[in-house]
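> Dropping a prediction and its sequence here:
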Amino acid sequence: MTLLDAPPVTATAAPLAPAARLLPALAAVYRAQLARAKVSRIPLLFVATFQSLGILVMMRGVVDPGDNPAAHAVVAGSSVLVVAFVALNLLAQYFGKLRATGGLDHYATLPVPPASVVLGTAAAYASFTVPGVFVTAGVGAVLFGLPLAHLWVLLAVVPLAGAALAGLGAALGLLAPRQELATLLGQLGMSAALLLGVLPVGHLPSVIRWLRDLLPSTYGVEAFARTFTAAPDWAAVGGDLAVCAAVGLVSLTLATWAYRRATVRP
């Protein structure tokens, strides 16, 4: 038998490696993003904290201290504003930059679920807010003569409000057609969290109150503000946290859909 008579050799494609499961992939993305953002984001965290502390000092001149709704709103809103600055503003800029520079192609080639990329990145950014939130809340409580006994509620407020705001920030960055627009949307979102979260709700017009109810961080602010009363309504606190968790689920789902949309080539 000659070489010409030999049967043709059929090439078989090697099987692809199975895709990573959600939780292990999420943990890997979280660790990678945490290590990458540690150096560059810590200075910005100081900026976010000092910004909120400055707002507390400014509002101390116009809001009476003590057990009153205005003081509760200022302290709670300033604390959650740290989360908004990092999780909403910076995350919108980060995903906007990834999309504009082609950085999403790197993640698209990895065998990880899209949800793990969004959740892992959002969790890493939200983690940087924890020290600043507690510092702001503690200083604010002292400035306005409010009790410090229930600051532990922030352990629930930060991840739930952080998830809601991070999901919104990621969606804005991924859906914006240009990087500059993503930056603008992130800044506008943080400004909305500032104006609608820090200002006492009793001083706002009805239309602005409706807009405030649409802001994901509102329910985290309300939950924390309720704990400053002499006898907190824990059922209402739990209800606000439950709404915040539901909004966070919706915003992260939207961000995951936006990620899939951004990584699918036309």
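Arrived safely. Since the model is a prediction, treat every value here as computed from it, not as a measurement.
> Going by C-alpha atoms from here, please, whenever you check contacts or count neighbours.
Noted.
> Spell out the residue ranges of the helices in the stretch 101-250 of the chain.
When secondary structure is read from DSSP state H, counting those that start in this stretch, the stretch 101-250 of the chain shows helices at 104-108, 114-127, 129-143, 154-175, 179-198, 206-214, 218-226, 234-263.
> Between those helices, which one is closest to residue 56.
If you check each of the helices of the stretch 101-250 of the chain against residue 56 by C-alpha to C-alpha, helix 129-143 wins as the nearest, at 6.3 Å.
> Give the buried residues for that closest one.
For helix 129-143, burial by neighbour count (16 or more other C-alpha atoms under 10 Å) applies to 129-130, 132-141, 143.
> Restricting to C-alpha, output it in PDB.
Extracted C-alpha coordinates of helix 129-143, given in PDB (Å, rounded to 0.1, in the frame of the first residue of the first chain):
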ATOM      1  CA  THR A 129     -16.400  51.400  51.300                       C
ATOM      2  CA  VAL A 130     -16.600  49.700  54.700                       C
ATOM      3  CA  PRO A 131     -14.000  51.700  56.600                       C
ATOM      4  CA  GLY A 132     -15.200  55.000  55.200                       C
ATOM      5  CA  VAL A 133     -18.800  54.300  56.000                       C
ATOM      6  CA  PHE A 134     -18.100  53.400  59.600                       C
ATOM      7  CA  VAL A 135     -15.800  56.500  60.100                       C
ATOM      8  CA  THR A 136     -18.400  58.800  58.600                       C
ATOM      9  CA  ALA A 137     -21.300  57.300  60.600                       C
ATOM     10  CA  GLY A 138     -19.300  57.500  63.900                       C
ATOM     11  CA  VAL A 139     -18.200  61.100  63.300                       C
ATOM     12  CA  GLY A 140     -21.700  62.100  62.200                       C
ATOM     13  CA  ALA A 141     -23.300  60.500  65.300                       C
ATOM     14  CA  VAL A 142     -20.900  62.400  67.500                       C
ATOM     15  CA  LEU A 143     -21.500  65.700  65.700                       C
END
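> And that helix, what does it pack against?
helix 22-60, helix 69-83, helix 154-175 (3 or more C-alpha pairs under 8 Å, 6 or more residues apart in numbering; DSSP states H and E).
> rerun at 7 Å
Using 3 or more C-alpha pairs under 7 Å, 6 or more residues apart in numbering; DSSP states H and E, the elements in contact with helix 129-143 are helix 22-60, helix 69-83.
> circling back: for the buried residues of helix 129-143, work out which two are farthest apart.
129 and 143 (20.9 Å).
> gap between the residue nearest to residue 29 when sequence neighbours are not counted and residue 30?
Leaving aside its chain neighbours, residue 29 sits nearest to residue 120 (5.1 Å; criterion: C-alpha to C-alpha, 6 or more residues apart in numbering). Separation of residue 120 from residue 30 (C-alpha to C-alpha, to the nearest Å) stands at 4 Å.
> State the number of residues packed around the nearest residue to residue 160 once chain neighbours are set aside.
Leaving out its chain neighbours, the residue that sits closest to residue 160 by C-alpha to C-alpha, 6+ apart is residue 245, at 5.4 Å. Residue 245 has 23 neighbouring residues, counting by other C-alpha atoms under 10 Å.
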